[in-house]
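Asker: no FASTA, just this:
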Ligand SMILES: N[C@@H](CCC(=O)N[C@@H](CS)C(=O)NCC(=O)O)C(=O)O
């Protein structure tokens, strides 16, 4: 099976969670919008109701044979077992999905710090509100989410991964969230460092996995930037 990943070509964004799973598995895939001219138009067409029976609302989405699947956590729920990155038992699969959805909540909250009023406005049009949102996020929500995932790691009796005995797509996503947060909130993350020993160790183990290490060193891994979900605005890295 050759997968087609549809995502905006110039940012890591939410597409990166899918990309990391495909890369770690060594799966055959095409990053459509980065692969050829006019691919963006094809991607946008797929989102228009009327062209396909089940149009996605937003990227990322994945074409697998005749299926077109959107929503990051949903894509990973589908891909995980097919590429060897999901647990076998149903209860553990649901647990992995639950954790992935919680990570999606964290990603949304991190994004909404720079877009607290609306995604449809520029950051520059909502700077004052963004500063207020940053205070709440950095002091309350970020420690709560990270504490939760640290605790999940501490409670897994079977391994140092999040779910069961082996690496799953959720571990790869947690690595990506930690990398994004360290980029966007370097001071806040440095302050919290001592409290999340297991999270940091997990992120290091993921980064050292041979296919992930090769991917991170390649040109396929775009740098973080200020068009992306995680953005470095010093005014929002509050103390
Ligand atoms: N809940 C969706 C969110 C998808 C999403 O927000 N995609 C962004 C890029 S990362 C987008 O292009 N949104 C366009 C829009 O919301 O109009 C997911 O997790 O995949």
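Answerer: In hand now; what should we look at? Treat the numbers as computed from the prediction; the structure is a model and nothing was measured.

Asker: helices and strands of the chain: which one bottoms out on pLDDT?
Answerer: Counting by mean pLDDT, DSSP states H and E, the weakest-scoring helix or strand in the chain turns out to be helix 39-46, with a mean of 92.

Asker: ok, and what's touching it?
Answerer: The contact list for helix 39-46, computed with CB atoms under 8 Å, 6 or more residues apart in numbering, reads 6, 9, 32, 33, 51, 52, 55, 56, 59, 61, 68. In short, each C-beta sits where N, CA and C put it, glycine included.

Asker: what of stretch 188-208?
Answerer: Here stretch 188-208 has contacts from 138, 142-143, 146-147, 149-150, 153-154, 160-162, 167, 171-172, 174-175, 178-179, 181-182, 212-213, 216, 237-239, using CB under 8 Å, 6+ apart.

Asker: tell me what the longest helix anywhere in the chain is packed against?
Answerer: Using DSSP state H to define each element, the chain has its longest helix at helix 90-114. Other elements packing on helix 90-114 under the criterion 3 or more CB pairs under 8 Å, 6 or more residues apart in numbering; DSSP states H and E are helix 72-82, helix 127-136, helix 142-155, helix 169-184.

Asker: comparing the ones you listed, which comes out most buried?
Answerer: When neighbours are counted by mean count of other CB atoms under 10 Å, the highest per-stretch mean among the helices and strands packed on helix 90-114 falls to helix 169-184, a mean of 23.

Asker: buried residues in the helix or strand following that helix?
Answerer: The C-terminal neighbour of helix 169-184 among helices and strands, as given by DSSP states H and E, is helix 186-192. Of all the residues in helix 186-192, those buried under the rule 16 or more other CB atoms under 10 Å are 188, 189, 192.

Asker: give me the lowest-pLDDT entry from the residues you listed.
Answerer: In terms of pLDDT, residue 192 ranks lowest among the buried residues of helix 186-192, with 94.

Asker: isn't residue 52 right next to residue 66, touching?
Answerer: No: taking contacts as CB atoms under 8 Å, residue 52 lies outside contact range of residue 66: 10.5 Å.

Asker: which of the two has more residues huddled nearby?
Answerer: Each of residue 52 and residue 66 has its neighbours counted (other CB atoms under 10 Å); residue 52 has more, 12 against 5.

Asker: against residue 149, how distant is the more buried one?
Answerer: Counting by CB to CB, to the nearest Å, the gap between residue 52 and residue 149 amounts to 36 Å.

Asker: try residue 199
Answerer: The spacing between residue 199 and residue 149, counted by CB to CB, is 6 Å.

Asker: identify the contacts common to these two.
Answerer: residue 174.

Asker: ok, residue 221 - contacts?
Answerer: The neighbours of residue 221, taking CB under 8 Å, 6+ apart as the test, are 12, 215.

Asker: again, only this time at 6 Å
Answerer: residue 215 (CB atoms under 6 Å, 6 or more residues apart in numbering).

Asker: and if you look at the one 10 residues further on?
Answerer: Residues touching residue 231, when contacts are defined by CB under 6 Å, 6+ apart, comprise 114, 184.

Asker: quick one: it is in a helix?
Answerer: No: Residue 231 sits outside any helix when classified using DSSP: H, G, I helix; E, B strand; the rest coil, being coil.

Asker: number of residues surrounding the closest residue to residue 152 other than its chain neighbours?
Answerer: Closest residue to residue 152 in three dimensions, ignoring its sequence neighbours and counting by CB to CB, 6 or more residues apart in numbering: residue 162, at 5.9 Å. Other residues near residue 162 number 24, with proximity taken as other CB under 10 Å.

Asker: tell me the spacing between residue 162 and residue 172.
Answerer: Residue 162 sits 10 Å away from residue 172 when distances are taken as CB to CB.
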